[in-house]
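Student: What would the 3D arrangement of this be:
(one chain, ligands or ions: 2)
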Amino acid sequence: MNNQILKLYTISQKNNRLILGLMSGTSLDGLDIALCKIKNTGIDTQLELIQFETIDYEDDFRKNVRKIFAKRQIDQQELCGINAYIGQVHAELINKALEKWNMAPSEIDLIASHGQTVYHAPQILTKDYSLPNSTLQLGDADHIAVKTGIITISDFRQKHIAAGGEGAPLAAYGDYLLFTDQTENRILLNIGGISNFTFLPHGASELKAFATDLGPGNTIMNHYMKKHFNVEMDRDALIASKGEVNYELLTALMKEEFLTLEFPKTTGPELFNLAYLEELQLSTNTGNLSKEDVMATLNAFSARAIIDGILKVSEGLDNVAVYVSGGGLHNPLLLQNIKNGLPQYKVTSIDDIAMNPDAKEACLFAVLANETIAGSPDNVKNIKDSPAICMGKISLPY
Ligand SMILES: Nc1ncnc2c1ncn2[C@@H]1O[C@H](COP(=O)(O)OP(=O)(O)OP(=O)(O)O)[C@@H](O)[C@H]1O
Ligand SMILES: CC(=O)N[C@H]1[C@@H]2OC[C@@H](O2)[C@@H](O)[C@@H]1O[C@H](C)C(=O)O
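Tutor: Ligands and ions are numbered 1, 2, ... in the order given. I've put the predicted structure just below:
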């Protein structure tokens, strides 16, 4: 027997597993690395975050990925190279983190690697029904396994699509296992590049859990800041706070068909991008707005799409709490706009239920890998409109 298969078997039998969850989101800010100690599987899963680090990407990395990111026309040679390149860079960043934490690769049981989404193409976005739902995450895990010496589980989204899903959001699986409460109806809102939530009805409810994307989180704001101020984000909403919302433009932004579709649904920067904004500025004659006013309007747009989604899912329910994670939590104006639209609910950081808001997505991939190795599809059969499956591919280092 290949000794790596034996090792994998041994890991699957362990009581506790040390799993490094990796997330590289659509904001391209950095690689989130969460070292998780995971005990048990299914609804008995217990996760302890041992270490967490976001290692910022170098500008060269962003430049390379942006050559193909969310673009319909690209150079195939670059696509091919960038797949290997991301795998190599991620492996280097993992080794750097382990060194910083004074840990040897042999102490880690598994890596759970999300990879870098470069294109997301569910049929509801493409409207091309001759091709199936599809999504592409790069950063080949064989590079990660070989360069770190750690067995790596990766590419989680393909099986979701193969089994009938859109490949996202996958957060429902981990959220359901970790955060379902017996009495509280929970909405776990994540504001990354794209905003999404997992709805977790309380334990005795007839309703089922599900996750859905809502609309733009930070993505259009980031792209606008890059183009007009050559920075990656509107840090602390300093620019948006100086502007005023333009309601004509906001109304036009809110008319996008995606926002009216039933849950669950997924989207990406393929739809919510600068071209989307610029077209609507033309059609509403708001091309001459100040940059501050545009940013204030974009901030209000992200908040409005989130508020509408939350109001829709929570209609008629009591004891509802909203727990926020992702980078958008650090945008004070965005959070205030969301709170203003939901005065009836408690809206707080997911820190309140013992999860680091910046580490959450990386931890969720560690939970998915834990299920792949030691769990069962039966553990996640109660999630609405999501196939009951364990996901991910296995890369062996030797
Ligand atoms: N201090 C801050 N002020 C304003 N915005 C911030 C701040 N800190 C983080 N952000 C926003 O959060 C973004 C990063 O969020 P996060 O890492 O959750 O996104 P992601 O994981 O890349 O996205 P996704 O979940 O959609 O894949 C930044 O690009 C920025 O827009
Ligand atoms: C295709 C893809 O990478 N989607 C991401 C993205 O970032 C947020 C939102 O869009 C969500 O659908 C998803 O990530 C989270 C982790 C998910 O799958 O739940």
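Student: now that we're looking at Asn246, how far away is ligand 2 from it?
Tutor: Applying Cβ to the nearest ligand atom, to the nearest Å, the value for Asn246 to ligand 2 is 27 Å. In this view, the C-beta of every residue, glycine as well, is placed from N, C-alpha and C.
Student: Thought Thr297 was touching that residue, still the case?
Tutor: Yes. Here Asn246 reaches Thr297: they are 4.9 Å apart, a contact under Cβ atoms under 8 Å.
Student: got the residues of the stretch 1-150 of the chain near ligand 2?
Tutor: Residues of the stretch 1-150 of the chain lying near ligand 2 by Cβ under 6 Å from any ligand atom: Gly25, Thr26, Thr117, His120, Thr135.
Student: at 5 Å instead, please
Tutor: Thr117, His120, Thr135 (Cβ under 5 Å from any ligand atom).
Student: and which of these is nearest ligand 1?
Tutor: Of all these, ligand 1 sits closest to Thr117, with 6.8 Å by Cβ to the nearest ligand atom.
Student: What strands line up against the one helix or strand that closest one maps to, and which way round?
Tutor: Using DSSP states H and E, Thr117 sits in strand 110-121. Under the criterion DSSP bridges, strand 110-121 sits next to strand 16-24 (parallel), strand 134-138 (antiparallel), strand 152-154 (parallel) in its sheet.
Student: is it possible to export those to TSV including distance to Ala145?
Tutor: As requested, the strands paired with strand 110-121 are exported to TSV (distance: least, Cβ to Cβ, whole Å):
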stretch	distance to Ala145
strand 16-24	12
strand 134-138	16
strand 152-154	4
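Student: Deepest-packed of those strands, please.
Tutor: Highest mean neighbour count among the strands paired with strand 110-121 (mean count of other Cβ atoms under 10 Å): strand 152-154, with a mean of 28.
Student: Let me see the mean pLDDT of it.
Tutor: The pLDDT scores in strand 152-154 average 98.
Student: List of residues touching it?
Tutor: For strand 152-154, the external contacting residues (Cβ atoms under 8 Å, 6 or more residues apart in numbering) are 110-115, 137, 139-142, 144-145, 368-369, 372-373, 392-395, 397.
Student: Give me the next element, helix or strand, following the strand holding Thr117.
Tutor: Remark: after strand 110-121, the chain's next helix or strand is helix 123-126, criterion DSSP H and E.
Student: tell me the contacts of the residue nearest to Arg157 when sequence neighbours are not counted?
Tutor: Nearest non-adjacent residue to Arg157, counting by Cβ to Cβ, 6 or more residues apart in numbering: Gly167, 3.8 Å away. Contacts for Gly167 were tallied using Cβ under 8 Å, 6+ apart; they are His120, Pro122, Asn133, Ser134, Thr135, Arg157, Gln158, His160, Ile161, Thr266.
Student: Just the element for Gly167, please.
Tutor: Going by DSSP H and E, Gly167 is not part of any helix or strand.
Student: Could you do Arg304 as well?
Tutor: Counting by DSSP H and E, the element that carries Arg304 is helix 291-314.
Student: same for that helix, what does it pack against?
Tutor: strand 185-191, strand 194-200, strand 210-216, helix 219-229, helix 247-253, helix 274-283, helix 332-341 (3 or more Cβ pairs under 8 Å, 6 or more residues apart in numbering; DSSP states H and E).
Student: let's see it at 10 Å
Tutor: Counting contacts by 3 or more Cβ pairs under 10 Å, 6 or more residues apart in numbering; DSSP states H and E, helix 291-314 packs against strand 185-191, strand 194-200, strand 210-216, helix 219-229, helix 247-253, helix 274-283, strand 320-325, helix 332-341.
Student: what's the angle from the shortest one to strand 185-191?
Tutor: Meaning strand 320-325. 30 degrees (axes from the mean of the first three to the mean of the last three Cα atoms, to 10 degrees).
Student: Direction included, what does strand 320-325 pair against?
Tutor: strand 185-191 (parallel), strand 346-349 (parallel).
Student: Which one, of those strands, ends up nearest to ligand 1?
Tutor: strand 185-191 (6.0 Å).
Student: That closest one and ligand 1 in contact?
Tutor: No. Judged by Cβ under 5 Å from any ligand atom, strand 185-191 makes no contact with ligand 1; its nearest approach is 6.0 Å.
Student: Hey, what's the angle from that strand to helix 332-341? Just curious.
Tutor: Using the same axes, to 10 degrees: strand 185-191 against helix 332-341 is 150 degrees.
Student: Would you point out the most distant pair within the contacts of Gly167?
Tutor: Gln158 and Thr266 (14.3 Å; Cβ to Cβ).
Student: of the two, who's got more company?
Tutor: A count of neighbours by other Cβ atoms under 10 Å puts Thr266 above the other of Gln158 and Thr266, at 24 against 17.
Student: ok so the more buried one is a strand residue?
Tutor: No. Thr266 is assigned coil when assessed by DSSP: H, G, I helix; E, B strand; the rest coil, not a strand.
Student: quick one, what contacts it?
Tutor: Thr266 makes contacts with 120-122, 124-125, 133, 135, 157, 165-170, 194, 196, 211-213, 258, as judged by Cβ atoms under 10 Å, 6 or more residues apart in numbering.
Student: Cool, thanks, signing off.
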